[in-house]
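1. following is a predicted model, sequence given first.
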Amino acid sequence: MTTSGALLCYPRMPLHDAARSWELLRTQSLSEISIALDLDVGTAQYYPLARQRAGSSELHNLRTKILGIAGEFGFPSKVSNKVLVEFDRTVGPEIHAQMAIMPADASSIDVWNFFNAAVVPDIVLWRYGQFSAESRRWMISEDRLFDFTRTTIGRLWWRVHLLGPELAGELGEDEVVNLLEKPRIGGYPLLARSMGRQLLAVTAAAKTGRRMDLFRDATKRLLRQMAVQSVFVMTPEQIDVFVASLFSDSAEALGISDMTSGGGPAHG
């Protein structure tokens with residue numbers, strides 16, 4: 001966080017500039033990328049009316065923090081997907097705590113384009129890239145570079161912002177994706193957090209391995225109910241009761257027994 005506690009706006013990079021940057025980055029080794037990085041923001045673009053701007057020192061501190069955590073998980077060596085997922089869970093809360101970014105600014109993909117391509121491109125390629133010895137290029141899904149919901153760094157910030165650090169760390173990758181990529185759920189933190197908490201509570205009580213089945217069924221029930229019943233007029237306590245009833249109905253339909261939930265009456 002900044003010493004003053006002020007929220008900051010971060011540099012931006014339009015898609016066409018980011019795409020050109022990645023054309024070069026994909027032909028370089030991780031060490032070459034690291035050596036060539038320049039975190040000077042003298043010519044960087046920002047939100048035009050930004051008063052508090054993140055400068056080179058903030059970007060340098062963020063890069064140092066992320067590199068330190070990545071090193072603990074094996075960077076720059078190739079590691080297993082399980083290790084990479086644990087890296088996500090560890091680095092996400094640190095990014096969220098240190099960036100002090102305005103949520104409105106974090107809603108711009110141009111901010112994350114800049115972060116991916118100019119601040120930690122070597123980490124992005126280590127996390128999601130595969131180097132092709134034949135073509136001498138990094139192969140990486142463009143979703144991880146340019147898509148708002150899948151972008152490498154931005155998705156980790158939003159995961160913690162919407163779910164909170166504890167819940168974001170306990171939920172699996174597929175569960176988080178299913179929550180946050182449905183705007184009607186992920187766009188309302190009270191609802192998303194209630195769904196996540198109830199999923200963990202129910203599966204722990206039932207000792208079931210069918211966690212994803214239960215989650216998908218409860219999510220479908222929620223979306224059907226939201227067509228006729230507004231969650232946005234509910235208090236947090238009412239949302240918890242409502243969500244618990246959905247999981248109770250799902251568990252019964254799926255034959256998951258020994259379930260203990262804090263729910264109220266079932267919603268059919």
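-> Everything's here; your move.
2. where's residue 75, which helix or strand?
-> Counting by DSSP states H and E, no helix or strand carries residue 75.
3. look up how far residue 249 lies from it.
-> According to Cβ to Cβ, to the nearest Å, residue 75 and residue 249 sit 45 Å apart. In short, each C-beta sits where N, CA and C put it, glycine included.
4. any idea where the strands of the chain begin and end?
-> Ranges of strands in the chain, per DSSP state E, are 130-132, 137-139.
5. so of those, which one's packed in deepest?
-> Comparing the strands of the chain by mean neighbour count (mean count of other Cβ atoms under 10 Å), strand 137-139 comes out on top with a mean of 17.
6. and it, how far from the chain's centre?
-> Its chain's C-alpha centre and that of strand 137-139 lie 24 Å apart, by Cα atoms, centre = their mean, to the nearest Å.
7. likewise stretch 24-38?
-> 25 Å.
8. can you check stretch 243-260 too?
-> With Cα atoms, centre = their mean as the basis, stretch 243-260 stands 28 Å off its chain's centre.
9. give the buried residues for that stretch.
-> By neighbour count with 16 or more other Cβ atoms under 10 Å, stretch 243-260 contains the buried residues 243, 244, 245, 246, 247, 248, 249, 250, 251, 254, 256, 259.
10. among these, pick out the one closest to residue 123, please.
-> Top of the list for closeness to residue 123, among the buried residues of stretch 243-260 and by Cβ to Cβ, is residue 243 at 35.3 Å.
11. where in the stretch 1-150 of the chain is pLDDT low?
-> 1-5 (pLDDT under 70).
12. tell me which stretches of it form helices.
-> Taking DSSP state H, counting those that start in this stretch, the helices of the stretch 1-150 of the chain run over residues 15-25, 30-36, 56-72, 81-99, 103-106, 109-114, 121-128, 143-146.
13. I'd like to know which of the ones you listed is closest to residue 202.
-> helix 81-99 (21.3 Å).
14. taking helix 121-128 as reference, get the angle to that closest one.
-> Angle between the axes of helix 81-99 and helix 121-128 is 140 degrees (criterion: axes from the mean of the first three to the mean of the last three Cα atoms, to 10 degrees).
15. which one, of the helices of the stretch 1-150 of the chain, ends up nearest to residue 205?
-> Closest to residue 205 of the helices of the stretch 1-150 of the chain, according to Cβ to Cβ: helix 81-99, at 23.3 Å.
16. so for the closest one, what gets flagged as buried?
-> 84, 87, 88, 89, 91, 92, 93, 94, 95, 96, 99.
17. now the strands of the chain as JSON lines including distance to residue 36?
-> Shown next, in JSON lines, are the strands of the chain (distance: least, Cβ to Cβ, whole Å):
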{"stretch": "strand 130-132", "distance to residue 36": "17"}
{"stretch": "strand 137-139", "distance to residue 36": "15"}
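18. among these, which is nearest residue 107?
-> Nearest to residue 107 among the strands of the chain is strand 137-139; the distance by Cβ to Cβ comes to 27.9 Å.
19. and that closest one, what does it pack onto?
-> For strand 137-139, the packing partners by 3 or more Cβ pairs under 8 Å, 6 or more residues apart in numbering; DSSP states H and E come out as strand 130-132.
20. what's around residue 172, how many residues?
-> Using other Cβ atoms under 10 Å, residue 172 is surrounded by 14 other residues.
21. sorry, back to before: among the strands of the chain, which comes closest to residue 174?
-> Of all the strands of the chain, it is strand 130-132 that lies closest to residue 174, at 21.1 Å by Cβ to Cβ.
22. that older thread, got the buried residues of stretch 243-260 as JSON lines, with distance to residue 195 columns?
-> Output for those, formatted as JSON lines (distance: Cβ to Cβ, whole Å):
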{"residue": "243", "distance to residue 195": "6"}
{"residue": "244", "distance to residue 195": "10"}
{"residue": "245", "distance to residue 195": "12"}
{"residue": "246", "distance to residue 195": "8"}
{"residue": "247", "distance to residue 195": "9"}
{"residue": "248", "distance to residue 195": "14"}
{"residue": "249", "distance to residue 195": "14"}
{"residue": "250", "distance to residue 195": "11"}
{"residue": "251", "distance to residue 195": "14"}
{"residue": "254", "distance to residue 195": "16"}
{"residue": "256", "distance to residue 195": "17"}
{"residue": "259", "distance to residue 195": "16"}
